[in-house]
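Q: let me see the structure of the following:
(4 chains)
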2 protein chains.
Amino acid sequence: MAATLHDVAHLAGVSIKTVSNVVNDYPHVRPETRHKVQRAIDELGYQPNATARSLRSGRSGAIGLVLPELSLSYFAELADEVIAEAEKHGLVVLIEKTGASREREIAVLSSPRMRLTDGLIFSPLGMGQDDAELLAVDYPLVLLGERIFGSPVDHVTMRNVEAARAATEMLIGLGRRRIAVVGAHVDEGVGSAALRVQGYQDALAAAGIPFDPALVAYTTLWHRANGAASMRELIDSGVHFDAVFGLNDALTLGAMRVLQEAGFRVPDDVAVIGFDDIEESRYAVPSLTSVDPGRASIARTAVQLLVRRIGEQGGRPADPQEVLVDFEIVPRESTGTGSLAVASSSAATPAAR
Amino acid sequence: MAATLHDVAHLAGVSIKTVSNVVNDYPHVRPETRHKVQRAIDELGYQPNATARSLRSGRSGAIGLVLPELSLSYFAELADEVIAEAEKHGLVVLIEKTGASREREIAVLSSPRMRLTDGLIFSPLGMGQDDAELLAVDYPLVLLGERIFGSPVDHVTMRNVEAARAATEMLIGLGRRRIAVVGAHVDEGVGSAALRVQGYQDALAAAGIPFDPALVAYTTLWHRANGAASMRELIDSGVHFDAVFGLNDALTLGAMRVLQEAGFRVPDDVAVIGFDDIEESRYAVPSLTSVDPGRASIARTAVQLLVRRIGEQGGRPADPQEVLVDFEIVPRESTGTGSLAVASSSAATPAAR
DNA sequence: CGACCGGAGTACAACGTTGTAGTATCGAGT
DNA sequence: ACTCGATACTACAACGTTGTACTCCGGTCG
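A: Got it, this is the predicted structure:
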């Protein structure tokens, strides 16, 4: 169907290689030959066959991005930024989702379905530290997240402990002493939840505030519904609190919603801070103070590290890098620190529907 | 680096084709030969080279999904469902974003970067009816959205007019007569905005309510910030209204937020309904009544149509199909019709972080 | 004036896979 | 004893591209 170099060569009356040379802008082609070939290319609407090129060159020009779920805002926004950065490097992004299942994650790592890609950016939620050696694959891989440390691959992660500590300290700075945590995971020594709870405890300890286990609400997942449910339990338990630290924004928005249904005023009765700084937090009622964990920087760094690995020639590979990105707290109304006007702070929002 | 059929064949002492036959489970291989080859495959960790397969077969097993922006919830959720459906067909999804720019959309259609895919699901926002002929590409293409009609490609779209009419009728049914619309586009005869405004006007006309242009708020984009800004203008204009129909949920959530800041009670003073039924609408305060335009069904249908096209052999292709999916109104608190409990109506939410 | 050089273009092989045609072997049927 | 047919396997070509090695030609230099 589609035209090939062979067709163009035939029409232009030159060899197939000369056409290839024109297409790739090689020197040593006379201007008149070049024009003749160009005319044939235009006439046939020739487009190089990407698959054949890949086979020849060993590069596909695509990278894979493996995520739990795109409908979670954090990951959607991350994917958006990965795609944007990849495009700067002339790469296209193939997305696979795992639903946070350990089995699916492991399967994807060895899946021939992804073999079209030159490398993978991998964000696991189901796998844990014990699975570290499964990451030693024979293609370029960049790991995201806080499930696995110290494995022999490039790893981009956020300062979970420090950021959580800073968030908690902000609440303490507001005079709050009874700070609830929403989203802890039972019996898990690994992952974002454990690290953020650690930061929370560090802040309490530093401020001389005793840690009260009754203030910790556990969830399995980090969706809005889970935040709502565990806030309901917390309220029903009758424990007193004057602030909430939600371990991600989705959870926190769900929790904040229940708080308000139950008649608590935010931030007057309860100050609330989240984690992730997803876009909707900016437009919640009240707008949600949140930790921006450096998402944009994570996306950029991950693509850059991957590109570097892909570019590595046969020689001995560079040592695996562990990159920590900087975080930032974005103060808004839910801690009584943001401006009330929202329409004016509309920021740059690139697209409509 | 990676093992090839050739390596396996050498190790097993058979021909390369026999290995291929084992890999592809062809008959006419003796069990003992099969085992011998299988051992060699395992020993070398052989994985078929997807690129070479593609070249040989003319299929890559990947489809492209072209969207304005993944950080818009509607598209993120759509992408999620496209990926899930694609997987059922053994396909992997490559995502390209256009930022809703007409130039980028047109560029993507002829981009060799996407040539790795077997076909495209294309959701334009910048292109218009005049660009219809640009869709006549020489690869399988399924069009989404309401920007272009009647072009010779498969097209999946929603019942914009009917759904908007039903939404408006719901508000009328609640006794509201002064219904504002947020998100209209100036001077645009095409696209979701125009169609939904049409449905709104149809409903008014059918109910004998005069159409008041002062109740129509215009925006360029459909982000939360735009909804917030135009609601602010609407309020400042002093016009009286007792209901709001937002042309998508993001807009509507922004508008609802401003309404509440301004002291209006929702739904008592102003009933609000949105369009898209994105996940966060379920957790807004109050939860937002919305039109589910059939997103899941759009994703499934689009993939299925594309798969059918890809499977078409050389013969004359099937006529282009125009598919309209069904919508549904999901009543929630913002129209005083939903239940107040939210934690219990948590629905099925597949993943955490 | 022959050797040499660079430009312009070509032929061929190779990337890793699979379809097609072919060979060799064996048992069964006439 | 011979064909026939099935089984088990192999050799080769081809998918469309590009790197390497080659030829051919006109011009320049010693």
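Q: can we go C-alpha only for contacts and neighbour counts from here?
A: Noted.
Q: got any ranges where the stretch 101-250 of chain A has weak pLDDT?
A: Applying pLDDT under 70 to the stretch 101-250 of chain A flags residues A:112-114.
Q: so where do the helices sit in it?
A: Assigned by DSSP state H, counting those that start in this stretch, the stretch 101-250 of chain A shows helices spanning A:102-109, A:160-173, A:191-207, A:224-236, A:249-261.
Q: turn those into CSV, columns for mean neighbour count.
A: Converted to CSV, the helices of the stretch 101-250 of chain A look like this (neighbours: other Cα atoms under 10 Å in any protein chain shown):
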stretch, mean neighbour count
helix A:102-109, 17
helix A:160-173, 22
helix A:191-207, 21
helix A:224-236, 22
helix A:249-261, 26
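Q: which of these sits closest to chain B?
A: Counting by Cα to the nearest Cα, chain B lies closest to helix A:224-236 out of these; the figure is 5.0 Å.
Q: other SSEs contacting that closest one?
A: Identification of packing neighbours for helix A:224-236 by 3 or more Cα pairs under 8 Å, 6 or more residues apart in numbering or on different chains; DSSP states H and E yields strand A:179-184, strand A:216-218, helix A:249-261.
Q: okay, it in CSV with CA atoms only?
A: Extracted in CSV, the C-alpha atoms of helix A:224-236 (Å, rounded to 0.1, in the frame of the first residue of the first chain):
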residue,chain,number,x,y,z
ARG,A,224,-11.0,10.0,47.6
ALA,A,225,-13.4,7.4,48.8
ASN,A,226,-10.9,5.9,51.2
GLY,A,227,-10.1,9.3,52.7
ALA,A,228,-13.8,10.0,53.2
ALA,A,229,-14.4,6.6,54.8
SER,A,230,-11.5,6.9,57.2
MET,A,231,-12.3,10.4,58.2
ARG,A,232,-15.8,9.2,59.0
GLU,A,233,-14.3,6.5,61.3
LEU,A,234,-12.0,9.0,62.9
ILE,A,235,-14.9,11.3,63.7
ASP,A,236,-17.0,8.4,64.9
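Q: residues in contact with the nearest residue to A:Met231 once chain neighbours are set aside?
A: Excluding the flanking residues, the one nearest A:Met231 by Cα to Cα, 6 or more residues apart in numbering or on different chains is A:Ala255, at 5.2 Å. By Cα atoms under 8 Å, 6 or more residues apart in numbering or on different chains, the contact list for A:Ala255 reads A:182, A:224, A:227-232.
Q: next one: A:Asp138
A: A:Asp138 touches B:Ala2, counting by Cα under 8 Å, 6+ apart.
Q: contact partners for the residue most central in space within chain A?
A: In chain A, the C-alpha nearest the mean C-alpha coordinate belongs to A:Leu78, at 3.7 Å (Cα atoms, centre = their mean). By Cα under 8 Å, 6+ apart, the contact set of A:Leu78 is A:295-296, A:299.
Q: right, and the helices and strands packed on helix A:224-236 - which one's nearest DNA strand C?
A: helix A:249-261 (43.7 Å; Cα to the nearest atom of the strand).
Q: any part of the helix or strand just after that closest one near chain B?
A: Per DSSP states H and E, the first helix or strand lying C-terminal to helix A:249-261 is strand A:271-275. No: judged by Cα under 8 Å from any Cα of the partner chain, strand A:271-275 and chain B are separated, with a smallest distance of 11.6 Å.
Q: and strand A:271-275, C-alpha only, in CSV?
A: The C-alpha trace of strand A:271-275 is given here as CSV (Å, rounded to 0.1, in the frame of the first residue of the first chain):
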residue,chain,number,x,y,z
ALA,A,271,-6.5,22.8,59.4
VAL,A,272,-5.9,20.5,56.5
ILE,A,273,-2.8,19.8,54.4
GLY,A,274,-2.4,17.3,51.6
PHE,A,275,0.4,15.8,49.5
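Q: among the contacts of A:Ala255, which pair sits farthest apart?
A: Greatest spatial distance in the contacts of A:Ala255: A:Arg224 and A:Arg232, 12.4 Å, computed using Cα to Cα.
Q: ok, so of the contacts of A:Ala255, who is nearest A:His28?
A: A:His28 lies nearest to A:Arg224 out of the contacts of A:Ala255, by Cα to Cα, at 62.7 Å.
Q: thinking again about what came up before, ok, the contacts of A:Leu78 vs A:Phe327, which is closest?
A: Nearest to A:Phe327 among the contacts of A:Leu78, with distances taken as Cα to Cα, is A:Arg295, at 8.7 Å.
Q: contacts only, for that closest one.
A: With contact taken as Cα under 8 Å, 6+ apart, A:Arg295 is in contact with A:78, A:276.
Q: what residues of whichever strand or helix holds A:Ala302 count as buried?
A: With elements taken from DSSP H and E, the one containing A:Ala302 is helix A:295-311. Neighbour-count burial for helix A:295-311, counted by 16 or more other Cα atoms under 10 Å in any protein chain shown, picks out A:295-307, A:309-310.
Q: circling back: nearest approach to DNA strand C belongs to which of the helices of the stretch 101-250 of chain A?
A: Comparison of the helices of the stretch 101-250 of chain A against DNA strand C by Cα to the nearest atom of the strand identifies helix A:102-109 as nearest, at 17.5 Å.
Q: give me the residues contacting the closest one.
A: With Cα under 8 Å, 6+ apart as the test, helix A:102-109 has contacts from A:98, A:114, A:124-127, A:134-135, A:137.
Q: who wins on neighbours among those?
A: Counting neighbours by other Cα atoms under 10 Å in any protein chain shown, A:Pro124 leads the contacts of helix A:102-109 with 26 neighbours.
Q: state the distance from A:Glu32 to A:Val23.
A: Separation of A:Glu32 from A:Val23 (Cα to Cα, to the nearest Å) stands at 15 Å.
Q: repeat that for A:Glu280.
A: 46 Å.
Q: and the stretch 51-200 of chain A, which residues reach DNA strand D?
A: With Cα under 7 Å from any atom of the strand as the criterion, the stretch 51-200 of chain A meets DNA strand D at residues A:52-53, A:55-57.
Q: which residues touch the residue of the stretch 151-300 of chain A found nearest DNA strand C?
A: Of the stretch 151-300 of chain A, the residue with the smallest distance to DNA strand C, taken as Cα to the nearest atom of the strand, is A:Val153 at 23.7 Å. A:Val153 makes contacts with A:135-136, A:141-143, A:320-321, as judged by Cα under 8 Å, 6+ apart.
Q: as TSV, the helices and strands packed on helix A:224-236 with distance to B:Gly263 would be great.
A: Listed next are these as TSV, based on distance: least, Cα to Cα, whole Å:
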stretch	distance to B:Gly263
strand A:179-184	30
strand A:216-218	33
helix A:249-261	16
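Q: so which of these gets nearest B:Val190?
A: Comparison of the helices and strands packed on helix A:224-236 against B:Val190 by Cα to Cα identifies helix A:249-261 as nearest, at 35.0 Å.
Q: coming back round to it: A:Glu32 and A:Val23: who's more crowded?
A: Taking other Cα under 10 Å, A:Glu32 and A:Val23 do not tie; A:Val23 has more neighbours (17 against 9).
Q: state the distance from the more buried one to A:Gln47.
A: Separation of A:Val23 from A:Gln47 (Cα to Cα): 9 Å.
Q: same check on A:Asp131?
A: 43 Å.
Q: can you give me the domain assignment for chain A?
A: A:62-158+A:295-327, A:160-292 (the TED database).
Q: any residues of chain A in contact with DNA strand C? List them.
A: Counting by Cα under 7 Å from any atom of the strand, chain A comes close to DNA strand C at A:13-18, A:27-30, A:32-34, A:52, A:55-56.
Q: what about 6 Å?
A: Residues of chain A lying close to DNA strand C by Cα under 6 Å from any atom of the strand are A:14-15, A:17-18, A:28-30, A:33, A:55-56.
Q: for PyMOL, what selects the buried ones among the residues you listed?
A: Applying 16+ other Cα under 10 Å to these, the buried members can be selected in PyMOL as follows:
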select buried, chain A and resi 18+33+55
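Q: noted, bye for now.
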